[in-house]
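K.L.:
this one's sequence-less:
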């Protein structure tokens, strides 16, 4: 639990640099309200790319970091290419994500259906009906392509 600490991008990168040496020990990473910005989102995306099927984060809390569309797009690239086990929970609430970021997340879900999170929280962002439909279609595709795996999206 590192939430509510003003880590910003530099602090987040330092945490990722330390954690990457023992990913098997990391199950939950809570970085909510840490002022990560897009640089911090990039560091977390890099962490996701370092994971494997035997070592990964299952709960990732990134609420309230105001990384907006740019951060959501960066994270989506990390999710799209990640080869780790499936995230149980991903919380991206309160990050000023709009439709562009939501569509990037939807594309990542479609591209990596086997690793789509079980629970995706996008509460209190600026996602309109357009972004919601894109995510709903992605969830349907995850179910079809992932052998019945379900992903719940909360707006």
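P.N.:
Thanks, I have the structure now. On a predicted model such as this, the values are computed, not experimentally measured, just so you know.
K.L.:
which intervals of the protein have sub-threshold pLDDT?
P.N.:
Where the chain drops to pLDDT under 70, the residues are 52-56.
K.L.:
my read: residue 91 touches residue 60, true?
P.N.:
Yes - the pair formed by residue 91 and residue 60 meets the contact definition of C-beta atoms under 8 Å, at 7.2 Å. (Each C-beta comes from the backbone N, C-alpha and C, glycine too.)
K.L.:
tally of neighbours for the nearest residue to residue 42 once chain neighbours are set aside?
P.N.:
Computed as C-beta to C-beta, 6 or more residues apart in numbering, the closest residue to residue 42 that is not its neighbour in sequence is residue 74, at 5.2 Å. When neighbours are defined as other C-beta atoms under 10 Å, residue 74 has 21 of them.
K.L.:
secondary structure class for residue 74?
P.N.:
Look at residue 74: counting by DSSP: H, G, I helix; E, B strand; the rest coil, its state is helix.
K.L.:
got phi/psi on residue 154?
P.N.:
The phi and psi values for residue 154, taken as degrees, to the nearest 10, are phi -110, psi 130.
K.L.:
for residue 136, see how far away the closest residue to it other than its chain neighbours is.
P.N.:
Spatially, and ignoring its direct neighbours in sequence, residue 154 is nearest to residue 121 (4.7 Å; C-beta to C-beta, 6+ apart). In this view, residue 121 and residue 136 are 15 Å apart by C-beta to C-beta, to the nearest Å.
K.L.:
please, which helix or strand holds residue 48?
P.N.:
helix 37-49 (DSSP states H and E).
K.L.:
for the following helix or strand past that helix, which strands pair with it and how are they oriented?
P.N.:
Next helix or strand after helix 37-49 toward the C-terminus (DSSP H and E): strand 59-61. Paired with strand 59-61 in the same sheet, following DSSP bridges, are strand 28-30 (parallel), strand 89-91 (parallel).
K.L.:
what comes up buried for strand 59-61?
P.N.:
Going by neighbour count (16 or more other C-beta atoms under 10 Å), the buried part of strand 59-61 is 60, 61.
K.L.:
which residues does it contact?
P.N.:
Residues outside strand 59-61 that contact it (C-beta atoms under 8 Å, 6 or more residues apart in numbering): 3, 27-32, 44, 87-91.
K.L.:
who's in contact with stretch 65-74?
P.N.:
By C-beta under 8 Å, 6+ apart, the residues outside stretch 65-74 that reach it are 31-38, 40-42, 45, 75, 92, 94-98, 100-102, 104-105.
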